[in-house]
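In: based on what follows, work out the 3D shape:
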Amino acid sequence: MTEYDEEPVPGLPEALPPGETILWQGAPDWRVLARDAFHWRKVAIYFGVLMLWRVAEGLSARSSAADIEADAAGLLPFALAAIGLLLGLARVSANSTLYTVTNRRVVMRIGVAISMSINIPFTRIETVAVQPLRDARGNVALALTGQGERIAYLHLWPHARPWRVGRPQPLLRGIADAVAVAETLSRAISASAPALASQAVAGRSPVADSRESAPLASAA
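Out: Numbering: from 1, shown residues only. Take a look at the predicted model:
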């Protein structure tokens, strides 16, 4: 993991070495981040329940309709502020993120205040799981081997597979054509490692569709 200020190549902290090429680059959809990582809908439901609760309390206390309406509406500015903040954070996070797949590694440029580059060589990737979402978008999770430097869950979030805190999995979240990206990554891993290629021939592909294995949860 590297912090940096300049990018000689978009999404990368340094120029690619000879023989390395970019196969794919993409960024998360901010609306997917807002929904699945920042949970703006759940916050909206929470405030909606609070407002209904105040209405119920007012009715049970036989308050006037004007008082009930004013009491419930008092929560509206807080609800709008909270939802607006979450939507703004999601948009800023998406705009500052760029995922890169080369023929040797996966690089995640993340971070809002400070840009960080997380470099994941193919030798660290154990399996790849893909979860298709609506609108041809989806998530691609990378299960890492236990070797090498451990990546902290908080350093990855919101680009981490939910509930994998003990053994964090980097997540390419809310990207377009996720299945195609996972297939591209699979082919690149297989081409770079004869051992992985032999597993694929034997029917143990390094890419596992989450619909056939453990599903990717949409909540973080």
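
In: count of neighbours near residue 111?
Out: By other CB atoms under 10 Å, the residues close to residue 111 number 17. In this view, the C-beta of every residue, glycine as well, is placed from N, C-alpha and C.

In: er, residue 119 I mean
Out: Residue 119: 16 neighbours (other CB under 10 Å).

In: partners of the strand or helix carrying it, with directions?
Out: Using DSSP states H and E, residue 119 sits within strand 116-121. Its sheet considered, strand 116-121 pairs with strand 2-3 (antiparallel), strand 105-110 (antiparallel) by DSSP bridges.

In: any idea of the mean pLDDT for the last one?
Out: Per-residue pLDDT values over strand 105-110 give a mean of 93.

In: quick one: residues contacting the closest residue to residue 125 other than its chain neighbours.
Out: In this structure, residue 125 finds its nearest non-sequential neighbour in residue 142, 5.3 Å apart by CB to CB, 6 or more residues apart in numbering. Counting by CB atoms under 8 Å, 6 or more residues apart in numbering, residue 142 touches 106, 120, 125, 127, 128, 169, 170, 171, 172.

In: parallel or antiparallel, which strands does the host helix or strand of residue 142 pair with?
Out: Taking DSSP H and E as the definition, one finds residue 142 inside strand 137-144. Here strand 137-144 has these sheet partners by DSSP bridges: strand 125-132 (antiparallel), strand 171-176 (antiparallel).

In: let's see it as PDB, backbone CA atoms only.
Out: Output of strand 137-144 as PDB, limited to C-alpha atoms (Å, rounded to 0.1, in the frame of the first residue of the first chain):
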ATOM      1  CA  ARG A 137     -23.000  -3.800 -13.000                       C
ATOM      2  CA  GLY A 138     -21.500  -6.000 -10.300                       C
ATOM      3  CA  ASN A 139     -18.900  -6.700  -7.600                       C
ATOM      4  CA  VAL A 140     -15.700  -8.600  -8.000                       C
ATOM      5  CA  ALA A 141     -14.100  -9.900  -4.800                       C
ATOM      6  CA  LEU A 142     -10.500 -11.000  -4.500                       C
ATOM      7  CA  ALA A 143      -9.700 -13.700  -1.900                       C
ATOM      8  CA  LEU A 144      -6.100 -13.400  -1.000                       C
END
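
In: please point out which parts of the strand holding residue 119 sit buried.
Out: Buried residues in strand 116-121, counted by 16 or more other CB atoms under 10 Å: 116, 117, 118, 119, 120.

In: check residue 215 and give its pLDDT.
Out: Here the pLDDT value assigned to residue 215 is 39.

In: gap between residue 174 and residue 128?
Out: From residue 174 across to residue 128, the span is 16 Å (CB to CB, to the nearest Å).

In: right, I'll leave it there.
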